[in-house]
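Novice: Structure, please.
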Amino acid sequence: MEPHLIRAALGFGIGFALGFAARRGRFCTLGALEDAVYGQDTRRLRAWALAIAVAMVGVHGLQLNGLELHRTLYASSQLELGPLVFGGLTFGFGMALVGNCAFGNLLRLGGGDLKALVALLVAAVSAVMAMRGLTAVVRVKAIDPLYVAIPGGRLQLLPDLLGVGPPASMILAVACAALLTGYALADEAFRKDGKLAAAAVVIGLCVTAGWWATGFAGFDAFGTERPLSLSFARPVGDTVLFAMLASGMQVDFGIASVLGVLMGAFIEARQARRFRWEAPDDVGELRRHIVGAFLMGTGGITALGCTIGQGVTGIATLSIGSAIALASIALGGRLGLFYLVERQV
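Specialist: Just a heads-up that it's a prediction; the model follows:
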């Protein structure tokens, strides 16, 4: 098989496991934020911490075996402050308006939610626009130049900033993962929620498997593709673009993982007998989904990733940029919740 087909086959399988586990465990970004803010329930936030911890140990273990983290999207020598902050805030606010992120909407669509279909289509179009369309012009001219060059040409990965190599990076990753795991397991309610804890572990393993699929199993020594793992900002746009222009594109890891998540979520919904068709309640809800999805697609491309792409895959590499992006997404989501809930009280 050609390398891109190997990556695609593995991407579909990894995406399937991710979609099934996340839907079964109710793993959700905005849900975690809502639970913590309005319900003082931090179980889903702790699930995020555990997923990151598993992925962090996994990706640095792969680095010890030859994964070239310095070639990844998260290892630039320029800290893209403007794009990360603006894109993260935009994505987070849009996520709140929609009620879920791009990944979460794939899970919802797998359960028959047609509102998620609308959101995904709009997010896909706005993502392509931000990559190579009208909004890309604004992004390239006004936002992308707002970066900070890291002194000495160092990479934005924490181990590189500290001047340590892969063995010490692994020790640092294990230490950070231990802190995250300790935070996750400190809550008795989370420890008793077996489905959520299992979903978090599977998600971390899926992110690790994604790095293995693109950095080892599907690695093309003569290609220009750099190692990557799960993300759903650009891949959702690429999937819709591929559906329209299949002859000009190749199925690769990103597109296949999107389809895998959708299929995994569908199988879980059918197995659990929770599949049901849903439509927007009224014009106002549909309008909110369209506006929010447009912000999500634009913000996801600008911030170089989404809640999974930056929040788990990127954070696992110990990238400072990913930490900034995740904090901005969280702040944008909190502002969106304030706009929807507290402003109207």
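
Novice: show me where pLDDT drops low in the stretch 151-300 of the chain?
Specialist: Flagging of the stretch 151-300 of the chain using pLDDT under 70 yields an empty set of residue ranges.

Novice: all helices for it, in order.
Specialist: Taking DSSP state H, counting those that start in this stretch to define them, one finds helices in the stretch 151-300 of the chain at 158-162, 166-185, 188-192, 194-212, 234-244, 253-271, 283-302.

Novice: Leu230: neighbouring residues, count only.
Specialist: As a burial measure, Leu230 scores 31 neighbours (other Cβ atoms under 10 Å). C-beta: built from backbone N, CA, C; applies to glycine.

Novice: can you pull the contacts of it?
Specialist: Ile14, Gly15, Leu18, Cys206, Val207, Gly210, Ser257, Ile308, Gly309, Val312, Thr313 (Cβ atoms under 8 Å, 6 or more residues apart in numbering).

Novice: Please repeat the previous calculation with a cut-off of 6 Å.
Specialist: Applying Cβ atoms under 6 Å, 6 or more residues apart in numbering to Leu230 gives the contacts Val207, Gly210, Ile308, Thr313.

Novice: Nearest residue to it in space, please, no chain neighbours.
Specialist: What sits nearest to Leu230 in space, not counting adjacent residues and going by Cβ to Cβ, 6 or more residues apart in numbering, is Gly210, at 4.8 Å.

Novice: Does the one you found touch Ser231 like I think?
Specialist: No: in terms of Cβ atoms under 6 Å, Gly210 does not count as a neighbour of Ser231; the distance is 8.9 Å.

Novice: Could you pull out the strands in the stretch 51-200 of the chain for me?
Specialist: Listed in chain order, the strands of the stretch 51-200 of the chain (DSSP state E, counting those that start in this stretch) span 78-79, 148-149.

Novice: mind giving me a markdown table with the ones you listed and columns for distance to Lys141 and mean neighbour count?
Specialist: Written out in a markdown table, the entries for the strands of the stretch 51-200 of the chain read as follows (distance: least, Cβ to Cβ, whole Å; neighbours: other Cβ atoms under 10 Å):
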| stretch | distance to Lys141 | mean neighbour count |
| --- | --- | --- |
| strand 78-79 | 17 | 16 |
| strand 148-149 | 18 | 11 |
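
Novice: wait, which of those strands is closest to Met56?
Specialist: For the strands of the stretch 51-200 of the chain, proximity to Met56 was assessed by Cβ to Cβ; strand 78-79 is nearest, at 20.2 Å.

Novice: Which residues outside the closest one are in contact with it?
Specialist: Contacts of strand 78-79 with the rest of the structure, by Cβ under 6 Å, 6+ apart, involve Tyr147, Val148, Ala149, Ile150, Gln156, Gly321.

Novice: switch the cut-off to 8 Å
Specialist: For strand 78-79, the external contacting residues (Cβ under 8 Å, 6+ apart) are Tyr147, Val148, Ala149, Ile150, Gln156, Ile320, Gly321, Ile324.

Novice: How about the second one: what's its closest non-neighbour residue?
Specialist: Taking Cβ to Cβ, 6+ apart, and ignoring the residues beside it in sequence, Val148 has Leu79 as its nearest neighbour in space, at 4.6 Å.

Novice: One more: the third one?
Specialist: In space, and not counting its chain neighbours, Ala149 is closest to Gln78: 5.6 Å by Cβ to Cβ, 6+ apart.

Novice: so how far is Ala51 from Leu41?
Specialist: Actually, residue 41 is Asp rather than Leu. For Asp41, the distance to Ala51 (Cβ to Cβ, to the nearest Å) stands at 17 Å.

Novice: I meant Ala256, not that one.
Specialist: Taking Cβ to Cβ as the measure, Ala256 falls 21 Å from Ala51.

Novice: next one: Glu68
Specialist: In this structure, Glu68 and Ala51 are separated by 23 Å, where distance is defined by Cβ to Cβ.

Novice: Check His289 too.
Specialist: Look at His289 and Ala51: by Cβ to Cβ, they are 26 Å apart.

Novice: Over to Leu196?
Specialist: Taking Cβ to Cβ as the measure, Leu196 and Ala51 are separated by 10 Å.
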